[in-house]
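**Q** Could you work out the structure for the sequence below:
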Amino acid sequence: MSLYTCVARAAALLFVSSYFHLALAQAISPREQTPSEPPPELNGPVVKTKQGRVQGFIANDVAVFRGLPFAAPPVGDLRWREPKSPAKWKDVRAANVYGGNCAQVEDCLYLNVYAPTHAKSGSKLPVMVWIHGGAFIFGSGATYNGTQFAKQDVIVVTVNYRLGRAGWFAHPALTAENRKGLLGNYGLMDQIAALKWVQDNIAQFGGNKKNVTAFGESAGAISINYLLLAPQARGLFAKAISQSGFGRLPAPPLSTVENFSASWAQKAGVTGTDANAAKALRSIPWEVVARSPGGIGAPDATLPMADGKMVTGSAVEGFAQGKQARVPYLVGGNSDEASLTRRTAMPTEQLAAIKERREALLAAFDPDNTGSADRIIARLVTDASISEPDRALARLHAVTGQPTFVYHFSYVPMSMRATSFGMAHGGEISYVFNSPRAGANFDDEGKAIAAAANKYWAAFAKTSNPGSAGGAVWPKWDATNESLMEFGFGGAPIVHKDFHKARLDWVEQSLTR
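**A** The predicted structure is shown next:
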């Protein structure tokens, strides 16, 4: 096995395993309402949107609006098309119940808003739009609680987008009917539609449509990087945050996905490439569409594909070509992104397969000479999938002259440090939102880290400078000062220059040969 193949396979394995991200994502912060609970009382403000008036509720001194439609239900003839504007309504719409989960129902294009109770039209507060993770197959905007941001005078919007085959699908019949339009990446189109809704409506909630930060994690961070590159999203947000964004993840060509999707369609009883075939595709029962989406590694995998208009390749490739929006950018990852591969990574075999530059590998990834294949491969997979691509993206973005900031989350609660390899994939989200996952609490150090992270993220949204939050000054990343902010032990973030340079250099040389 070649060095490149071993490293690339390890990186791919991490994303494969993130299919299990649903359980992780749902544990990030407590859902505010279960199906058996009655909806909260409609005691919040009434806000006028372009579609009609909505009324939310007050929770923890924050105004919350749930289940606001930002697009028409993508059902029937609207399946596998660009999202359309939602219908208008006359009466005040109750905004105290979440919209459907896109992994479970087809009618799911809804968003949620968290705003300070004092916010009103004209307040012009900064806005943060959250795009959830979940390997493009799981997750929901309803899982995340924007209360702590709202308490810092930042309005938070959490969005749904089509998942699985509903969101990431190509077929020759669909291409034939829409050769000049957008194809394949319907989930990305939904995210853009949500950002357009924010532009049209957020001022009525007290937000500043000119100061919108798009942020997301894992699949959401991949989406953020592609939104930076997509011409269709230009001008819809002023800043971006990518948390664990797999910057070198390749995008399969749309034509390749078409070929394999045609095979899937045949099994569902649809043949041909004409208008009748397109109609038949949209008549496939939702249960069939939602069942068994293409897995990561399959040519018809349900993730962003290179359609030639929105997505042309990996994020690193797009940034290298200078195609990204010129906006402030914050990017980073965690110390144990390989956490989800622990049961399937076969570290001893992987380490033994690496023959080239082996001494340099061991010096960089095992400086204490422990000989632990588990930890060496965990560090390698973490760096190959997230840390090194993040460094590449930061370097490429900084040369545009835009403020660029890099972070590294390594904090682990005291009770877990003896056995933990580091901060797990997705583990930073509860700290960024300053909201412990369901059934858990932060320890004292964790409370300090969560408060700091939440303030730094909010400061970036407010001023484009996370260092304006107070505490340690967060330096910009540039060619003369490759410094990042580590959220680690001790309760206070720390600045590092050339962090893990030997490790990242080894990976870069391996992945770019």
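**Q** hey, let's count contacts and neighbours off CA atoms from now on
**A** Noted.
**Q** right, and the helix or strand after the helix-or-strand element of the chain with minimal mean pLDDT?
**A** Ranking every helix and strand in the chain by mean pLDDT, DSSP states H and E puts helix 21-26 at the bottom, with a mean of 38. On the C-terminal side of helix 21-26, the closest following helix or strand by DSSP states H and E is strand 46-48.
**Q** who's in contact with that following strand?
**A** Applying CA atoms under 8 Å, 6 or more residues apart in numbering, the external contacts of strand 46-48 come out as Arg53, Val54, Gln55, Gly56, Val92, Gln204, Phe205.
**Q** Which secondary structure element is home to the residue most central in space within the chain?
**A** Nearest to the mean C-alpha position of the chain, counting by CA atoms, centre = their mean, stands Gly220 at 1.4 Å. Per DSSP H and E: Gly220 is located in helix 219-229.
**Q** Please name the residues that touch the nearest residue to Phe136 once chain neighbours are set aside.
**A** In space, and not counting its chain neighbours, Phe136 is closest to Leu163: 5.4 Å by CA to CA, 6 or more residues apart in numbering. Applying CA under 8 Å, 6+ apart to Leu163 gives the contacts Cys102, Ala103, Phe136, Ile137, Phe138, Gly187, Thr302.
**Q** so the residue nearest to the centre of the chain makes contact with Phe138?
**A** No. In this structure, Gly220 is not within contact of Phe138 by CA atoms under 8 Å, at 11.1 Å.
**Q** For the stretch 301-450 of the chain, which segments are assigned as strands?
**A** Taking DSSP state E, counting those that start in this stretch to define them, one finds strands in the stretch 301-450 of the chain at 329-334, 404-409.
**Q** Provide the strand pairings for the first one, with the direction of each partner.
**A** Read that as strand 329-334. strand 239-243 (parallel), strand 404-409 (parallel) (DSSP bridges).
**Q** Going by neighbour count, which residues of that strand are buried?
**A** Tyr329, Leu330, Val331, Gly332, Gly333, Asn334 (16 or more other CA atoms under 10 Å).
**Q** partners of the fifth one in the sheet?
**A** For Gly333, the beta-bridge partners are His408 (DSSP bridges).
**Q** Out of the strands paired with strand 329-334, indicate the one that is most buried.
**A** Ranked by mean neighbour count, the strands paired with strand 329-334 are led by strand 239-243 with a mean of 28 (mean count of other CA atoms under 10 Å).
**Q** by how many degrees do that one and helix 219-229 diverge?
**A** 140 degrees (axes from the mean of the first three to the mean of the last three CA atoms, to 10 degrees).
**Q** Work out the gap between the following helix or strand past strand 239-243 and the centre of the chain.
**A** Using DSSP H and E, the helix or strand that follows strand 239-243 in sequence is helix 254-267. Between the centre of helix 254-267 and the centre of its host chain there is 26 Å, according to CA atoms, centre = their mean, to the nearest Å.
**Q** ok so, going back, which of the contacts of strand 46-48 are buried?
**A** Applying 16+ other CA under 10 Å to these flags Arg53, Val54, Gln55, Gly56, Gln204, Phe205 as buried.
**Q** Could you dump those residues into a markdown table with pLDDT added?
**A** Listed next are the buried ones among the contacts of strand 46-48 as a markdown table, based on pLDDT from 0 to 100:
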| residue | pLDDT |
| --- | --- |
| Arg53 | 98 |
| Val54 | 98 |
| Gln55 | 98 |
| Gly56 | 97 |
| Gln204 | 98 |
| Phe205 | 98 |
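**Q** Dump the residues you listed to TSV, plus distance to His171 and secondary structure.
**A** Shown next, in TSV, are the buried ones among the contacts of strand 46-48 (distance: CA to CA, whole Å; DSSP: H, G, I helix; E, B strand; the rest coil):
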residue	distance to His171	secondary structure
Arg53	39	strand
Val54	38	strand
Gln55	41	strand
Gly56	40	coil
Gln204	40	helix
Phe205	40	helix
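**Q** Need the max-distance pair from the residues you listed.
**A** Farthest pair in the buried ones among the contacts of strand 46-48 (CA to CA) is Gly56 and Gln204. Separation: 13.3 Å.
**Q** quick one on the thing from earlier: by pLDDT, give me the weakest of the contacts of Leu163.
**A** pLDDT across these is lowest for Thr302, at 83.
**Q** Residues contacting the strand ranked longest in the chain, please?
**A** Across the chain, the strand with the greatest residue count (assigned by DSSP state E) is strand 207-217. Residues outside strand 207-217 that contact it (CA under 8 Å, 6+ apart) are 119, 121-133, 155, 198-200, 202-203, 221, 223-224, 236-245, 426, 429, 461-462.
**Q** Weed out the non-buried ones from those residues.
**A** By neighbour count, with 16+ other CA under 10 Å, these hold 119, 121, 124-133, 155, 198-199, 202-203, 221, 223-224, 236-245, 426, 429, 461-462 as buried.
**Q** Filter the residues you listed down to the ones in helices?
**A** Counted as lying in helices by DSSP state H, out of the buried ones among the contacts of strand 207-217, are Val198, Gln199, Ala221, Ser223, Ile224, Ile429, Ala461, Lys462.
**Q** And these, which is closest to Trp477?
**A** Closest to Trp477, out of all of these and judged by CA to CA, is Ala461, at 17.4 Å.
**Q** ok so, going back, report the contact partners of the residue nearest to the centre of the chain.
**A** Neighbour list for Gly220: Trp130, Ile131, His132, Gly133, Gly134, Ser242, Gly245 [criterion: CA under 8 Å, 6+ apart].
**Q** now these in a markdown table, with pLDDT and distance to Thr382?
**A** Compiled in a markdown table, the contacts of Gly220 are given as follows (pLDDT from 0 to 100; distance: CA to CA, whole Å):
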| residue | pLDDT | distance to Thr382 |
| --- | --- | --- |
| Trp130 | 98 | 23 |
| Ile131 | 98 | 22 |
| His132 | 98 | 20 |
| Gly133 | 96 | 17 |
| Gly134 | 93 | 18 |
| Ser242 | 98 | 16 |
| Gly245 | 97 | 12 |
